[in-house]
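Chemist: Sequence plus the predicted model coming up.
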Amino acid sequence: MPTITTPDGTNIFYKDWGPKTAQPIVFHHGWPLSADDWDNQLMFFLGQGYRVVAHDRRGHGRSTQTDTGNDMDTYVEDVKALVAALDLRNAIHVGHSTGGGEVARYVARAEPGRVARAVLISAITPVMVKSESNPGGTPIEAFDAYRAGVAANRAQIYLDIAAGPFYGFNRTGVLPIEGVIRNWWRQGTMGGIKAQYDCIKVFSETDLTEDLKQIDVPVLVIHSEDDQIVPYADSAPLAVKLLKQGELKTYSSFPHGCPTTHPDEINHDILSFIRGEKVGVAADEAPALVAEALPVE
């Protein structure tokens, strides 16, 4: 298997397909998944002539099941090591959920010339957990429940998440897709429980506000108002306002795992954005969207 070894001895598995002279698109997966979560996108953009790259985050998938370094800063250092090893330049970085947070921090710290554009899908940006400075966030008790479930019986909670809110299969009229559920469960159980347990703190408590402010390249933010994992109103409209060149594409009924359930629409959005076409609304239009997304009291 192709891997790189980081300075602390962690082996990071990656896929690198397509012409090495083509513009690279780097995909960053969510918790507790792996590069396999991007199967559809890898095949689609490979067919469009791009070089496609995806890695298993440390502790996830086929990478080393680490008990240390499971934090956003180390995740980003791992990405830097992969980018350097593959000599990726002028790349588009696409992140889903936790991977969206990873993209935001990486792009903010990337070497000049490494990144051309970025896409954040159902991302954890700016910060998820509720606090005095983030009153609209998700209460810490929700993430404590994730931790308790993973520690007690992660096989069961992973099945419950995949069969329920992640893909919206708990919504009335939505037909569950057995293969999608099993594939989510398979990816989750491939990784190490310690790293995945630690990653709950990463995706819930990492504040990416300053990272978003520092990003100089164009960024497309894709999010659905029916996201049951990362609530829309406390995420995408706030994140896009922090970006210097942000663009927001909002869907009304897609689930959190929309790259899997609605790949045609998501792939079209990404491809159009890469080509410089307008996909959503500009950042200066986002404040009205925040007001519309908030519940009426």
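Modeler: Received the coordinates, thanks.
Chemist: Tell me who's in contact with the residue minimising distance to the centre of the chain.
Modeler: Centrality entry for the chain: nearest residue to the mean C-alpha point is residue 96, 2.0 Å, by CA atoms, centre = their mean. For residue 96, the contact set (CB atoms under 8 Å, 6 or more residues apart in numbering) comprises 27, 28, 29, 30, 37, 121, 122, 123, 257, 259. (Glycine included, C-beta is placed from N, CA and C.)
Chemist: Which ones among those residues map onto strands?
Modeler: Here DSSP state E is the test, and these give 27, 28, 121 as lying in strands.
Chemist: tell me, how many neighbours does the second one end up with?
Modeler: In terms of burial, residue 28 registers 31 neighbours under the definition other CB atoms under 10 Å.
Chemist: repeat for residue 86
Modeler: So residue 86, with other CB under 10 Å, has 19 neighbours.
Chemist: Roughly how far does it sit from residue 144?
Modeler: Note on residue 86: its distance to residue 144, by CB to CB, to the nearest Å, is 38 Å.
Chemist: Now residue 118: which helix or strand?
Modeler: strand 115-121 (DSSP states H and E).
Chemist: Show me what that strand is packed against.
Modeler: For strand 115-121, the helices and strands in contact under the criterion 3 or more CB pairs under 8 Å, 6 or more residues apart in numbering; DSSP states H and E are strand 91-96, helix 98-109, strand 219-224, helix 263-274.
Chemist: Flag the shaky bits of this structure, pLDDT-wise.
Modeler: Across the chain, the ranges flagged by pLDDT under 70 are 286-297.
Chemist: Helices along that one, start to end?
Modeler: Applying DSSP state H to the chain gives helices spanning 39-47, 72-86, 98-109, 140-163, 178-190, 193-205, 209-214, 236-242, 258-261, 263-274, 286-293.
Chemist: how about the CA coordinates for the third one, as CSV?
Modeler: When you say that, I think you mean helix 98-109. Taking Å, rounded to 0.1, in the frame of the first residue of the first chain, the C-alpha atoms of helix 98-109 are listed here in CSV:
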residue,chain,number,x,y,z
THR,A,98,-14.1,17.1,10.0
GLY,A,99,-12.1,17.0,6.7
GLY,A,100,-13.5,20.5,6.0
GLY,A,101,-11.9,21.7,9.2
GLU,A,102,-8.7,20.1,8.2
VAL,A,103,-8.8,21.8,4.9
ALA,A,104,-9.4,25.2,6.5
ARG,A,105,-6.5,24.9,8.8
TYR,A,106,-4.2,23.4,6.2
VAL,A,107,-5.0,26.1,3.6
ALA,A,108,-4.5,28.8,6.1
ARG,A,109,-1.0,27.5,6.8
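Chemist: Which one of the helices and strands packed on strand 115-121 lies nearest to residue 63?
Modeler: Evaluated over the helices and strands packed on strand 115-121, closeness to residue 63 peaks at helix 98-109, with 13.5 Å, by CB to CB.
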